[in-house]
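*Asks:* sequence and predicted model, in that order:
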Amino acid sequence: MELRKERVLVMKRKMVSAITLALLLTSMLTVAFHVQPVWAEGTIYIRADGSIDPPTAPIQRDGDLYTFTGDIWFSSIVVEKDNIVVDGAYYLLRGTGSGNGITLSGRSNVTIKNMEIRSFTYGIYLSSGSSSNSIAGNAITDNSGHGIYIDSSWSSSLYNSMIGNNIANNVGDGIYLWAYSGYSAASYNNIVGNNITGNDNGVHIESAYSNNASSNNNIVNNTITNNNERGIYLNQYYGSSSYNSITGNRITNNPYGIYMSPSCSYNFIYHNDFINNLNQAYTSVLLNAWDDGYPSGGNYWSNYTGVDLYKGRYQNITGSDGIGDTPHVIDTENQDRYPLMNIWPPQANDIVVVNVTPSKTVVGQGYSLNTSVTPTNQGDSAETFNVTLYANTSVIGQIEVTLTSGNSTTITFTWNTSGFAKGNYTISAYAWPVPGETYTADNNCTDGIVRVAIPGDIDPVDGYVGIDDIFSIASHFGQDPSSPTWNPNCDINGDEYVGIDDIFVAASHFGQEEYS
């Protein structure tokens, strides 16, 4: 009994000390400085012999499977072994704003999957001779350079696959394939089913010198939206960016939907949706195919003004066939001979979730956060449907939505984290298909990982509520969402104001550890 009383007294003393210090920090907020917690482990290597260096890194090995066991901050990973799988298990790999998140140099048959990679120069960097690798199911965001960079200087990088990644808000390009010199090539790579948004160029394929090629790549079924320059950019100086297949992509709201520099020839562009791009397509090359012949057809162009009164190869037989009666003119040398009248794939009913945005990246266990979801009705008629929000596989809530054709709305879900274990949760939204909807890949949108943590552990690198957390909250004291340095993670109770109550919550948990 005496020992228990002593422990209680010790904890009370800790709380009093923490609260006193928090009040002191609050009184010092006129001083303009901000300290962030730092956890620096340096570079983590997966060595050629299969060992992990350093062995204390939060990565567990099981044969050729390497799995994250926690977030990795201020570190990068270099893979020196072939034929392995690196599974992020939905944890975060975060850098300091420079360097490469994951480097594969001359590697083959390496899979990188299920991780969030941000705050590097390049999220994933594949240098010369890296072939037959798979990059799948990752969130690659907020890097100062390219999201994925395949560098084929001096040696070819072939047969790599980038499948089902969310590549967003990188200062450079979302995906950049580069063939530079020495008879190198970035050919036969597959870019499939990715969400690519908010980058400089969405997909950039470039060849710089003669005897080089960025060719025979497949860009298929991607959603490429709201990038700053071009959705898809094919560029060559003296080499070749040719024989690329660009099909089934939804390319919307970019300054250029697709841009091909001179001499980019023999590319195949069909069954894409070019929607509301400032310039749908630019090319000065004659030898590219903008359709797949009749009756397969070409692309859907939101600015096409033709009609569909006829059918047949020469569009001279009475009766509609879903193909415009006149070509869509790109320039004087290029045209889509068989423009589609409706979005691809053919359907009259189409619901899309275009955005999922959690209000926080860290939430105290037992507290709530909001998530904004934007569904869009891209079909031909008004629809009523349900949208469900998930944290991993747990249902957070479901809201019924009614939208007329061509319109969107933003709905807000509130997630009360009471009863949820501490850890990382992938946030996703799903719009349930409406009758007649055949293409449902874009009904789901996954965007962001939220950490459920001890209240007050606002940057839970070590799973511990320390003085650095209290100091960070105190340094944001008095801020609301209109503040230029607003950090919603510091607003623990979710009232959109960082006040003394938030500091007291953190102070009351001072010294607590997540895994104790």
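*Replies:* All right, it came through fine. Numbers count the residues shown, from 1 in each chain.

*Asks:* C-alpha only now, for contacts and for neighbours.
*Replies:* Noted.

*Asks:* so where do the helices sit in this protein?
*Replies:* Assigned by DSSP state H, the chain shows helices spanning 2-27, 467-475, 500-508.

*Asks:* could I get the contacting residues of the residue most central in space within the chain?
*Replies:* Nearest to the mean C-alpha position of the chain, counting by CA atoms, centre = their mean, stands N166 at 2.6 Å. Neighbour list for N166: 137-141, 194-196, 446-447 [criterion: CA atoms under 8 Å, 6 or more residues apart in numbering].

*Asks:* what about T141, distance to P375?
*Replies:* Going from T141 to P375 by CA to CA, to the nearest Å gives 22 Å.

*Asks:* would you map the strands across the stretch 401-516 of the chain?
*Replies:* 411-416, 423-431, 444-453 (DSSP state E, counting those that start in this stretch).

*Asks:* show me the contacts of N166 that map onto strands.
*Replies:* 139-141, 195-196, 446-447 (DSSP state E).

*Asks:* pLDDT-wise, what's the bottom of those residues?
*Replies:* Ranked by pLDDT, the ones in strands among the contacts of N166 bottom out at D447 (77).

*Asks:* tell me the confidence at R7?
*Replies:* R7 is given a pLDDT of 46.

*Asks:* whoops, I mixed them up, D502
*Replies:* D502 is given a pLDDT of 93.

*Asks:* so it touches S472, yeah?
*Replies:* No. Shown here, D502 and S472 do not form a contact pair, counting by CA atoms under 8 Å, at 11.1 Å.

*Asks:* list residues touching both of these two?
*Replies:* Common neighbours of D502 and S472, using CA under 8 Å, 6+ apart, are C490.

*Asks:* my guess is F268 meets A289, correct?
*Replies:* Yes. Counting by CA under 8 Å, F268 does reach A289; the two are 4.9 Å apart.

*Asks:* so how far is F510 from F471?
*Replies:* Using CA to CA, F471 is found at 12 Å from F510.

*Asks:* between these two, point out the one with more neighbours.
*Replies:* Neighbours were counted for F471 and for F510 using other CA atoms under 10 Å; F510 has more, 26 against 21.

*Asks:* show me what contacts the closest residue to that one other than its chain neighbours?
*Replies:* The shortest distance from F510 to any non-neighbouring residue, by CA to CA, 6 or more residues apart in numbering, is to V465 (5.2 Å). When contacts are counted by CA under 8 Å, 6+ apart, V465 touches 454, 456-457, 506, 509-513.

*Asks:* change it to 7 Å
*Replies:* With contact taken as CA atoms under 7 Å, 6 or more residues apart in numbering, V465 is in contact with 456-457, 509-513.

*Asks:* now S394
*Replies:* No contacts exist for S394 under CA under 7 Å, 6+ apart.

*Asks:* that one bridge partners, please.
*Replies:* Beta bridges link S394 to A391, judged by DSSP bridges.

*Asks:* that one and V203, how far apart?
*Replies:* For S394, the distance to V203 - CA to CA - is 33 Å.

*Asks:* ok, N83 next?
*Replies:* Remark: distance between N83 and V203 (CA to CA) = 27 Å.

*Asks:* of these two, which one has the most company?
*Replies:* When N83 and V203 are compared for neighbours, V203 comes out ahead with 25 against 13, by other CA under 10 Å.

*Asks:* pLDDT weak spots in the stretch 351-500 of the chain?
*Replies:* Applying pLDDT under 70 to the stretch 351-500 of the chain flags the ranges 460-461.

*Asks:* same thing but at 80, please
*Replies:* Applying pLDDT under 80 to the stretch 351-500 of the chain flags the ranges 438-439, 441, 447-448, 459-462.

*Asks:* re earlier: most neighbours of all the contacts of N166, which one?
*Replies:* I196 (30 neighbours).

*Asks:* my read is that that residue contacts G174, right?
*Replies:* Yes. Between I196 and G174 there is a contact at 6.3 Å, judged by CA atoms under 7 Å.

*Asks:* now do the shared contacts for the two.
*Replies:* In contact with both I196 and G174: 167-168, 202, using CA under 7 Å, 6+ apart.

*Asks:* could you identify which of the residues you listed has the most neighbours?
*Replies:* Among the shared contacts of I196 and G174, G202 has the most neighbours (other CA under 10 Å), with 35 neighbours.

*Asks:* spatially nearest residue to D64, not counting backbone neighbours?
*Replies:* Using CA to CA, 6+ apart and skipping residues adjacent in sequence, the residue nearest D64 is I84, 4.8 Å away.

*Asks:* residues touching the one you found, list them.
*Replies:* By CA under 7 Å, 6+ apart, the contact set of I84 is 64-65, 109-111.

*Asks:* now do the same for it: its pLDDT.
*Replies:* Here, the pLDDT recorded for I84 equals 98.

*Asks:* what's the spacing between it and A57?
*Replies:* Taken as CA to CA, the span from I84 to A57 is 17 Å.

*Asks:* with T440 instead?
*Replies:* T440 sits 39 Å away from A57, going by CA to CA.

*Asks:* more crowded one of these two?
*Replies:* A57 (18 against 15).

*Asks:* how about the contacts made by the more buried one?
*Replies:* Counted by CA under 7 Å, 6+ apart, A57 has contacts I44.

*Asks:* check the burial of I411 by counting its neighbours.
*Replies:* Quick note: I411 (other CA under 10 Å) scores 15 neighbours.

*Asks:* dump the residue contacts of it.
*Replies:* I411 makes contact with 372-374 under the criterion CA under 7 Å, 6+ apart.

*Asks:* of the residues you listed - the most surrounded one?
*Replies:* V373 (23 neighbours).

*Asks:* end-to-end on stretch 68-81?
*Replies:* Separation of the first and last residues of stretch 68-81 by CA to CA is 17 Å.

*Asks:* mind listing what's buried along that stretch?
*Replies:* Across stretch 68-81, burial judged by 16 or more other CA atoms under 10 Å covers 68, 70-81.

*Asks:* I323 contacts M341, doesn't it?
*Replies:* Yes. At 5.5 Å, I323 counts as touching M341 under the criterion of CA under 7 Å.

*Asks:* of the two, which one has the most company?
*Replies:* I323 (28 against 23).

*Asks:* the more buried one pairs with what?
*Replies:* Judged by DSSP bridges, the bridge partners of I323 are L340.

*Asks:* check contacts around it.
*Replies:* 297, 308, 338-341.

*Asks:* for V434, same thing?
*Replies:* V434 touches 349, 385, counting by CA under 7 Å, 6+ apart.

*Asks:* the contacts of I323: which two are farthest apart?
*Replies:* The most widely separated members of those are G297 and D308, with 13.0 Å between them, by CA to CA.

*Asks:* what about the two, which has more around it?
*Replies:* Between G297 and D308, counting by other CA under 10 Å, G297 is the more crowded of the two (21 against 17).

*Asks:* number of nearby residues for the residue nearest to the more buried one when sequence neighbours are not counted?
*Replies:* Among residues not flanking G297 along the chain, Y338 sits closest, at 4.9 Å (CA to CA, 6+ apart). Using other CA under 10 Å, the number of residues around Y338 comes to 28.

*Asks:* give the contact list for Y338.
*Replies:* With contacts defined as CA under 7 Å, 6+ apart, Y338 is in contact with 291, 297-298, 323-324, 327.

*Asks:* from those, pick the one nearest A348.
*Replies:* Nearest member of the contacts of Y338 to A348, counting by CA to CA, is I323, at 14.6 Å.

*Asks:* tell me the pLDDT at that closest one?
*Replies:* We note a pLDDT of 96 for I323 in this prediction.

*Asks:* just the buried residues of the contacts of V465.
*Replies:* Buried residues within those, counting neighbours by 16+ other CA under 10 Å: 456-457, 509-512.

*Asks:* and S214, how close does it get to Q315?
*Replies:* Counting by CA to CA, the gap from S214 to Q315 is 36 Å.
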